[in-house]
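**Q** With the sequence up front, the predicted model follows.
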Amino acid sequence: MVAQVETEQLFDRIAAFASYGFNKSHSAAYAVISYQTAYLKANHPLEYMTALLIHMEGNAERVATAIVDCRLRGIDVLAPDINSSRSDFSMSGAKVPAPHRGEGQGEGRGGRILFGLAAIKNVGRHAVESIVSLRDADGPFKSLEDLCERTSAIQDVNRRVLESLVQSGACDTLGERARLMAALDHAVSRAERARRDRESGQTSLLDMVGSPEVASEDYGLTIDVAPMAGDEKLRLEKELLGLYLSDHPLRRITAELAKLSDTQAVEVTSALQDTEVRVAGLVREVRRVVTRKGQIMAYATLEDLTGSVDVVLFPRIFEQTRLLFEPDKVLVVQGKVDARAGSTRASGAASSPVDPELEAEVETASVVADMAWLWDDPECVPVARRQLVHVRIPSGDSGLPERLESVLARHPGTDEVVLHVVVGSREVVVNADRYHVLAGPALIAEIDELVGQAVTKLETVRPKAQSNGNGRGNGERGRRG
């Protein structure tokens, strides 16, 4: 029997170890995983991003963010294709070896990823796996009729599945979307009739003697069908894929929005807590709620090319801007980043249901609105923010600093430069106060070309927010539109 004094001493030692032992082992395990994933992303980006997209399947917002990352790395994410796509995201085509890749190199330089058919809404994994198995066994689908006939015996492949495949663009290799939709009912009926005839042992005279193939898109229909409008294609992509893939309604005004805003949706995280930001994008959803005082406030979702951000509209600012916050309007919103509010999706839930592992990756944050304008409102003037130009200077080239100084001199302005000088295994940070430049794409391109790799990064210096999110009293700005 162990004496009480000894057991208490043993317990105290265990408790003391627990205060640091678990934390250290946990940190070490995460460090190994972080190193492994960083290595894979740096050296095998195509494989890594494909696996990441498969892991993100079912969460459209995170898939959209990952696709933006793919494009920055020269990796194209292609639309779903009934004759090429697998059930999940998959690699397609040749890839460029990692040492030859870099940001800003041409489209597809890093390879291609095909959108998975199972990620299309209303389709279902079993239906997709059956379609892929048929294609692998008997070859590509030649027409919509061929697709309908070969899948007619599969219970899970019904008209709704076929409609979703067509509307999402997965059947574009079989014909124009509007024409395929116009012919779908006829093709499904014909395929079902042929299946019943085969099951009952009936064979038509035309089948016996052979008949000329009917045009693959109209099957004898003589009506003219106008091609599907671009806006309708994008609407259906958003509805069925959860994101815009072939294009985006904001792409045509990207340059204008960049001048009016200083922060992208993907950048709104807890790291910007209590700073003032300007975001621009499409209004996707708006949910109005009544406060305990009987006032009306709202939660909205704003979407740009990088993803979506939650916007909180307290009663005063909502009263000023309520006519602006309607679906599909393009707005510029200024306000304070607040991570304490968490995600405020307009659907009313705390956040979209996602894998718990994904939920903890980035602490969500909202923008507590202080002002809002229509993007083309004359009162919405370009935002001026000071920027820091970070330049990493690799070792081994003694003449690089002098050549870099010449480049900086050709771009005079008010923005400051921060040099990250590599000295052996260390990196020394130097605030180069003597250089004041005009930060922008031209300067970044010239510095990166000089060094021979991407070494430049811009950091926007955002002010701390002064407002409590209840507006600044200029109601007229919220009544335009």
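**A** Received it, and whenever you're ready, just let me know what you need.

**Q** What separation do you get for the residue nearest to the spatial centre of the chain and residue 306?
**A** For the chain, residue 64 is the residue whose C-alpha lies nearest the centre (C-alpha atoms, centre = their mean; 1.8 Å). As for residue 64, its distance to residue 306 is 8 Å (criterion: C-beta to C-beta, to the nearest Å). Every residue, glycine included, has its C-beta placed from N, CA and C.

**Q** Check residue 171 too.
**A** Here residue 171 is placed at a distance of 29 Å from residue 306 (C-beta to C-beta).

**Q** Which of those two has more residues huddled nearby?
**A** Here residue 171 and residue 306 are compared on neighbour count by other C-beta atoms under 10 Å; more neighbours surround residue 171, at 25 against 17.

**Q** mind listing what the more buried one touches?
**A** Neighbouring residues of residue 171 by C-beta atoms under 8 Å, 6 or more residues apart in numbering: 82, 144, 147, 165, 177, 180.

**Q** how about the second one, what does it touch?
**A** Which is residue 144. In this structure, residue 144 makes contact with 166, 171, 174-175, 180, 183-184, 187, 216-217, judged by C-beta under 8 Å, 6+ apart.

**Q** ok, now the fourth one?
**A** Neighbour list for residue 165: 80, 82, 117, 120, 123, 171 [criterion: C-beta under 8 Å, 6+ apart].

**Q** To which secondary structure element is the residue nearest to residue 238 when sequence neighbours are not counted assigned?
**A** In this structure, residue 238 finds its nearest non-sequential neighbour in residue 244, 5.8 Å apart by C-beta to C-beta, 6 or more residues apart in numbering. For residue 244, there is no host helix or strand (DSSP states H and E).

**Q** what's the neighbour count on residue 244?
**A** Residue 244 has 20 neighbouring residues, counting by other C-beta under 10 Å.

**Q** Is it in contact with residue 233, as I believe?
**A** No. In this structure, residue 244 is not within contact of residue 233 by C-beta atoms under 8 Å, at 9.7 Å.

**Q** thinking again about what came up before, next step: the contacts of residue 171 restricted to helices.
**A** 144, 147, 165, 177, 180 (DSSP state H).

**Q** does the fourth one really touch residue 228, like I thought?
**A** Yes. At 4.5 Å, residue 177 counts as touching residue 228 under the criterion of C-beta under 8 Å.

**Q** Surely residue 266 touches residue 306?
**A** Yes. Under the criterion of C-beta under 8 Å, residue 266 makes contact with residue 306 at 3.9 Å.

**Q** domains of the protein?
**A** In terms of domains, the chain is parsed into 43-119, 125-241, 251-374, 386-461 (source: automatic domain parsing).

**Q** and of these, who's closest to residue 35?
**A** If you check each of those against residue 35 by C-beta to C-beta, domain 43-119 wins as the nearest, at 12.1 Å.

**Q** what about that closest one, how long is it end to end?
**A** This stretch, domain 43-119, spans 27 Å end to end (C-alpha to C-alpha, to the nearest Å).

**Q** Just checking the distance from it to the centre of its chain.
**A** 12 Å (C-alpha atoms, centre = their mean, to the nearest Å).

**Q** Could you number the chain from 631 rather than 1 from now on?
**A** In the new numbering, first residue 631, that becomes domain 673-749.

**Q** pLDDT averaged over that domain - what is it?
**A** Mean pLDDT, computed over domain 673-749, is 81.

**Q** circling back to that earlier point, how about the residue nearest to the centre of the chain: what's its closest non-neighbour residue?
**A** In space, and not counting its chain neighbours, residue 694 is closest to residue 873: 4.2 Å by C-beta to C-beta, 6+ apart.

**Q** ok, now how distant is that neighbour from residue 1081?
**A** Between residue 873 and residue 1081 the distance, using C-beta to C-beta, works out to 35 Å.

**Q** likewise residue 785?
**A** From residue 785 across to residue 1081, the span is 60 Å (C-beta to C-beta).

**Q** So for those two, which residue has more residues nearby?
**A** residue 1081 (19 against 10).

**Q** Could you double-check that the more buried one lies in contact with residue 1024?
**A** Yes. With contact defined as C-beta under 8 Å, residue 1081 and residue 1024 form a contacting pair (7.0 Å).

**Q** who touches both of those two?
**A** Residues touching both residue 1081 and residue 1024 (C-beta under 8 Å, 6+ apart): residue 1030.

**Q** in the stretch 781-930 of the chain, which spans are helices?
**A** 789-797, 807-829, 835-839, 860-871, 884-890 (DSSP state H, counting those that start in this stretch).

**Q** tilt between the longest one and helix 789-797?
**A** In terms of direction (axes from the mean of the first three to the mean of the last three C-alpha atoms, to 10 degrees), helix 807-829 departs from helix 789-797 by 140 degrees.

**Q** could you say what helices and strands helix 807-829 packs with?
**A** In terms of contacts (3 or more C-beta pairs under 8 Å, 6 or more residues apart in numbering; DSSP states H and E), helix 807-829 is packed against helix 774-781, helix 789-797.

**Q** is it possible to export these to a markdown table including mean pLDDT and distance to residue 1038?
**A** Below are these laid out as a markdown table (pLDDT from 0 to 100; distance: least, C-beta to C-beta, whole Å):
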| stretch | mean pLDDT | distance to residue 1038 |
| --- | --- | --- |
| helix 774-781 | 92 | 59 |
| helix 789-797 | 95 | 52 |
